[in-house]
Structures are given as C-alpha cells and as structure tokens.
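K.L.:
just coords:
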C-alpha cells in the first residue's frame, strides 16, 4: 500500500510535469504502469498572480488552504505544491492545513547538500529570486547562493510569465537563461536551481553551463518516496 499524494497546483505546465514525473518514476520503481494514488486541485493561476502582485501572501495562503481542504476530502494523505513562488506563503499555510506538506525548497536544499554543492545559482520568478525563501532554506544547510543581476531577473521573470507558463519554449529564451547561468558560474556557482517549475521544460543538464537542480522533479521524487514509505 502507498500513501495518496495531493498536488496543490498553480500553473498547468509545472503541475503537469510534476504529475507526469511521479507516474513515470512510479512505473520504474513499482513496475508496469503502477504509481501511488494522486489527486490534484488548482485555483486559477490568475488568482494567485493577483494576490502575489500586491504582496498579499495571506491571499495566496487562502488559495493553497482551499485546495488543501478539497484534496483532504478526496482522501489525500499529504500535499505538495509544484510552485516555488507561492512557498513564500508556506509559513501561513502549514499550521492551518488539514494535511502535512513537503516543502519544495527544503527538498531542493536537501538534494544540493547531498550532492555536495556549495554555492547555487538561483533562477525563477522575480519574487522567487528576490524573495527570502531560498536564502533562508539554503542558509539553514550552510549553502551559499547567487541570483541573476537586475536585468537578467527581469528578463527571466518575463519569459516565465509570457512564455513558459503558456507552453512556449524558444531557443532565444534558452540562450538568455544560459547566459545568466554562465555568468553566475564565473562568479563561483557550482550548480543552478531551476527554481520555477516550468524552467526544466526549457533547459536541463544537456543545455546548462552548470549542473541543474530541477525543483519540479526533485519534489515529485520526494513525494513518491514519502508515498512509498
């Protein structure tokens, strides 16, 4: 028997990749077409973005808790959210949630430490790159980090919301991301966090100047392992 996974989704592309990864990894570990039971609920990404744009993390937390309640009713036993940005509201969510959660950034930090990385390049939305969540979680495990410069942050944020969440993946955007990663490599980073759940659909180890920490798949694999405990 395995535990029932609940996915609190935000964007379609990131949530789909997370769901697909659990199913594919489950097949490899459990055999022919098998994976744990999974339920997913999502409010409109637009609702999340409206709250995030004005810094209303309480509003973001409310949406996450609404999904959590609905997933609890489906029989889910624990929750994940394949969206780095909304984890800024996590501290408001966890104490009020009907179910326990895995934290995407904690899972990335755990993987980085296990692989011996010492300084991470952080990519993601502007709110992720400029926010406190990665800084706090990496500090807790003794890992340094660097974010892209202001111009790069603005361009990466734009390509996420104008392209990636809409399923648009271009060579030009990949080159821009590669340039930002390469610059941070020159400043001493030894790995890059793909800290937006859509970025792994644009760039991976075969394209990146640095080894990648794919937050989407790291979270999915952690959820699978928890489900199989």
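P.N.:
Received it, and whenever you're ready, just let me know what you need. Remember, it's a predicted structure, so these values are computed and weren't measured experimentally. Residues are numbered from 1 along each chain as shown.
K.L.:
ok, residue 37 touching residue 5?
P.N.:
Yes. Under the criterion of Cβ atoms under 8 Å, residue 37 makes contact with residue 5 at 7.0 Å. Backbone N, C-alpha and C define where each C-beta goes, glycine included.
K.L.:
more crowded one of those two?
P.N.:
For residue 37 versus residue 5, neighbours defined as other Cβ atoms under 10 Å are more numerous around residue 5 (27 against 15).
K.L.:
Find me the pLDDT at that one, would you?
P.N.:
If you check residue 5, the pLDDT there is 98.
K.L.:
same check, this time on the one 3 residues further on
P.N.:
In this model, residue 8 is scored at 98, pLDDT.
K.L.:
buried set for the host helix or strand of it?
P.N.:
Per DSSP states H and E, residue 8 falls inside strand 5-9. By neighbour count with 16 or more other Cβ atoms under 10 Å, strand 5-9 contains the buried residues 5-9.
K.L.:
from memory residue 200 sits against residue 219, does it?
P.N.:
No. Residue 200 lies out of contact with residue 219 (Cβ under 8 Å); the separation is 11.1 Å.
K.L.:
mind listing the strands in the protein by residue range?
P.N.:
Assigned by DSSP state E, the strands in the chain fall at 5-9, 38-42, 78-80, 119-123, 144-146, 191-194, 212-214.
K.L.:
For residue 201, see how far away the residue of the chain positioned farthest from its centre is.
P.N.:
Relative to the mean C-alpha coordinate of the chain, counting by Cα atoms, centre = their mean, the farthest residue is residue 32 (27.6 Å). According to Cβ to Cβ, to the nearest Å, residue 32 stands 27 Å off from residue 201.
K.L.:
What of residue 3?
P.N.:
Residue 3 is 27 Å from residue 201, where distance means Cβ to Cβ.
K.L.:
With residue 182 instead?
P.N.:
Counting by Cβ to Cβ, the gap from residue 182 to residue 201 is 20 Å.
K.L.:
Same check on residue 101?
P.N.:
24 Å.
K.L.:
before we move on, what about residue 124?
P.N.:
Taking Cβ to Cβ, one finds residue 124 at 14 Å from residue 201.
K.L.:
One more: residue 50?
P.N.:
Distance, residue 50 to residue 201, using Cβ to Cβ: 24 Å.
K.L.:
So for the two, which residue has more residues nearby?
P.N.:
Per other Cβ under 10 Å, whichever of residue 50 and residue 201 has more neighbours is residue 201, with 17 against 13.
K.L.:
I'd say the more buried one and residue 166 touch.
P.N.:
No. Using Cβ under 8 Å, residue 201 makes no contact with residue 166, being 11.4 Å away.
K.L.:
And the pLDDT for residue 15?
P.N.:
97.
K.L.:
Now do the same contact list for the nearest residue to it once chain neighbours are set aside.
P.N.:
Excluding the flanking residues, the one nearest residue 15 by Cβ to Cβ, 6 or more residues apart in numbering is residue 9, at 3.5 Å. Counting by Cβ atoms under 8 Å, 6 or more residues apart in numbering, residue 9 touches 15, 18, 40-42, 67, 81-83.
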